[in-house]
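**Student:** Sequence and predicted structure are below.
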Amino acid sequence: MPPTTTTYGTIASSPTSTSSHAKHTRRPWPEFFSLPSFSLPISSGDAKARIKLNVSHFRVNYVIIMLTIVFLTLLWHPTSMIVFLITFIFWWFFFLFNDNPIVVFNKTVDDNVVLGVLSFATVVLLVLTHVGVNVLVGLIIGVVVVGVHAALRGTEDLDFGRGDEEENGLLSVVGNQPLRPTSGYNRI
């Protein structure tokens, strides 16, 4: 009878379960536009905290809104629209609907790097089509719209997954160990 071997310690994980991609999902639009969730922040510190949490939670939604606003500023420039649609294909495959991490030279590329490279490439390619003012106006309008939404949308009803909590520092430093029963006598 041939000997059988068992390998211990191997944990299979899918790329979508990594913490760098946990926040990389589009949130439902009804959650994004939930009117009862909007309120004025108490202070500027509260507004900054809301912006930080909302940008983290609704990251892909905000990218879609920014791209839509830039696209709308290009409606009367057909060449720029074609360039934008080509870059949008890259956004689609590399950021918006990509569940797997991007690997270059056997190194995983962080989502922030992908976001920065795609943003920079989009702006540079559009400026090369001589619509720099339109792109600038679109980006300013987009930043204002995203900033106002992020500051006014409350964060109390957001359902943070484990990955979001780790990245936003919302986990307890004490840990999740079960409490020992305190009833009865303890052995000495």
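**Tutor:** Nice, I can see it. Nothing here was measured: the structure is a model prediction, and the numbers come from that model.
**Student:** Regarding V103, what is its secondary structure?
**Tutor:** strand (DSSP: H, G, I helix; E, B strand; the rest coil).
**Student:** could you point out which element follows the helix or strand of the chain with the lowest mean pLDDT?
**Tutor:** Among the helices and strands of the chain, helix 19-22 carries the lowest confidence by mean pLDDT, DSSP states H and E, at a mean of 39. Remark: after helix 19-22, the chain's next helix or strand is helix 29-32, criterion DSSP states H and E.
**Student:** May I see the buried residues of that following helix?
**Tutor:** Neighbour counts over helix 29-32 (16 or more other Cβ atoms under 10 Å) mark F32 as buried. Glycine gets a C-beta too; all of them are placed from N, C-alpha and C.
**Student:** who touches that helix?
**Tutor:** Contact partners of helix 29-32, identified using Cβ atoms under 8 Å, 6 or more residues apart in numbering, comprise F58, N61, L158.
**Student:** For it, the averaged confidence score.
**Tutor:** Mean pLDDT, helix 29-32: 86.
**Student:** Quick one: name whatever helix or strand follows it.
**Tutor:** Counting by DSSP H and E, the next helix or strand C-terminal to helix 29-32 is helix 44-57.
**Student:** Would you mind pulling up the elements that that next one packs against?
**Tutor:** Packing partners of helix 44-57 (3 or more Cβ pairs under 8 Å, 6 or more residues apart in numbering; DSSP states H and E): helix 132-152, helix 162-168.
**Student:** mean confidence for that helix?
**Tutor:** 91.
**Student:** who's in contact with the very next helix or strand once past that helix?
**Tutor:** For helix 44-57, the succeeding helix or strand toward the C-terminus, using DSSP H and E, is helix 59-73. The contact list for helix 59-73 (Cβ under 8 Å, 6+ apart) reads 23-27, 29, 32, 55, 81, 84, 88, 91, 95-96, 115, 122, 126, 131, 134-135, 137-139, 141-143, 145-146, 149-150.
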